[in-house]
Structures are given as structure tokens and as C-alpha cells.
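J.: Structural data only, the sequence is not supplied:
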């Protein structure tokens, strides 16, 4: 949903009930919170009802901004909301990490500021060099926007509705599911009696001036 104004400085009782409930008496979760004046909050309802290891509850972050530091960049908080996933690191694939050691229910302390372009975002088990999931994040046109990128679902899922996903949410409630990527190794060999060729894949030039009986080095393609 959009950012909503709620009274601050008084104790608020929050009840979360199943869909189509008739009153707060149907709540499956109840908690009390007191919000600070002029603060901005991000609240996740997450966990598994009845699960002792990852019980249902609210995860609240109070470091939410209302505007970016640079209008030419996009800025995102990162949140770990997958009950059975390990603590994670997140970064651009084969490049530096943006955040490290983020555990379930935790939100990054700082915003990650990114140029508005295409990224391959990789998730790693904390401290591991091998990514276990990679996602396409096309941020073209996101200049000056704030949001949150969060992991949701279960690594060991029991159906499509529970599968592990990475979502991007803007303050107006607009939600984008980032597509998961797989990668293949490809090598191209020029074996036709024709002039040298350039090779384009999905509009991007991956090889220039490949001569007959020459081959490229193996390279990765996202699928």
C-alpha cells in the first residue's frame, strides 16, 4: 500500500486477521507499538503462523527516507523476509557486494544507491562466493525513486505461491517481481567461407570481426 499517516506518541494495538474477517476478535496476531513523531516506518508482516522457528510477526524498520540524495539515482532498502533462507549477502553478479550478513526479518541500515541501469543482482549465503539466486533488475527510468528490495517465500517451497522471490516495491505500493536468471556457457565458432562477422545477441554486440575458423572464448549468457 501507499505510505499512510498514523497517529504518533500513543500506544497502538495492531490486530492482523484472516481475509474476510468480521472483527479484530478474529485476529491471528496481536501486538502493540508506539510510533515516534515525524518518523517514517516500513512494516513487514512475515513469518509462518504456528511455526516455532519462524513465527508470524511484524518486522519494523524506522530508517525510511522520503527522497533520494541524488535525483539521478535510485535508492533501496534491502530486506530479508524468507523464513528458511540463511543470512544473505547481496550484490551485482561477479562484482562488489551491496550488503552482507542480512538475517531473516532484518532490513539494511542504509539505503543502497544505484545508477539507473540494468543489474544482475545475486544473492549469496553469507560469506560464500557462490551465488544461489540471480535476478534481473532493470532500473532504467527509476531516477530519483526510493523503494525496498526484499526476499520473500521459501527456499524449500511447497508450491508456486510459496516459492522464493525477489520483489521491488515503491512508496506508492507499486510492486515489481524481479525475474530470476539462469546462465549458460556459450562458445561461437566461425566456420563459413564468408568475410569476418560481428555477432549480436538480443541486440548487444558480443563479438566483432570474427574470422573464418576462429572461435570466441566461452562466455556466459543469461537465460
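T.: Arrived safely. Model, not experiment: these values are computed from the prediction.
J.: Please make it C-alpha for all contacts and neighbour counts, starting now.
T.: Noted.
J.: Tell me which residues of the helix or strand bottoming out on mean pLDDT in the chain come out buried.
T.: Within the chain, no helix or strand scores below strand 219-222, which has a mean of 80 by mean pLDDT, DSSP states H and E. Of all the residues in strand 219-222, not one is buried under the rule 16 or more other C-alpha atoms under 10 Å.
J.: List the residue ranges of this structure that fall below the pLDDT cut-off.
T.: Applying pLDDT under 70 to the chain flags residues 158.
J.: what sits up against stretch 113-126?
T.: The contact list for stretch 113-126, computed with C-alpha atoms under 8 Å, 6 or more residues apart in numbering, reads 72-76, 86-93, 100-102, 130-143.
J.: Figure out how far it is from the centre of its chain.
T.: The chain centroid and the centroid of stretch 113-126 are separated by 8 Å, computed with C-alpha atoms, centre = their mean, to the nearest Å.
J.: Also stretch 19-33?
T.: Mean-position distance between stretch 19-33 and its chain equals 29 Å (C-alpha atoms, centre = their mean).
J.: now the end-to-end length of it.
T.: 22 Å (C-alpha to C-alpha, to the nearest Å).
J.: Give me the buried entries from the contacts of stretch 113-126.
T.: Among those, the ones that count as buried by 16+ other C-alpha under 10 Å are 73-76, 86-93, 100-102, 131, 133-137, 139, 142-143.
J.: if we can go back for a sec, which secondary structure elements does the least confident helix or strand of the chain sit against?
T.: When contacts are defined as 3 or more C-alpha pairs under 8 Å, 6 or more residues apart in numbering; DSSP states H and E, strand 219-222 sits against strand 183-186.
J.: Check what contacts the strand it packs on and list those residues.
T.: Applying C-alpha under 8 Å, 6+ apart, the contact partners of strand 183-186 are 218, 219, 220, 221, 222, 223.
J.: Take the residues you listed and write them to TSV, including distance to residue 109.
T.: Below are the contacts of strand 183-186 laid out as TSV (distance: C-alpha to C-alpha, whole Å):
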residue	distance to residue 109
218	39
219	36
220	33
221	34
222	31
223	33
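J.: before we move on, the earlier item: filter the contacts of stretch 113-126 down to the ones in strands?
T.: Among the contacts of stretch 113-126, DSSP state E puts 73-76, 88-92, 100-102, 131-138 in strands.
J.: dump the residue contacts of residue 71.
T.: Residue 71 makes contacts with 143, 144, 145, as judged by C-alpha under 8 Å, 6+ apart.
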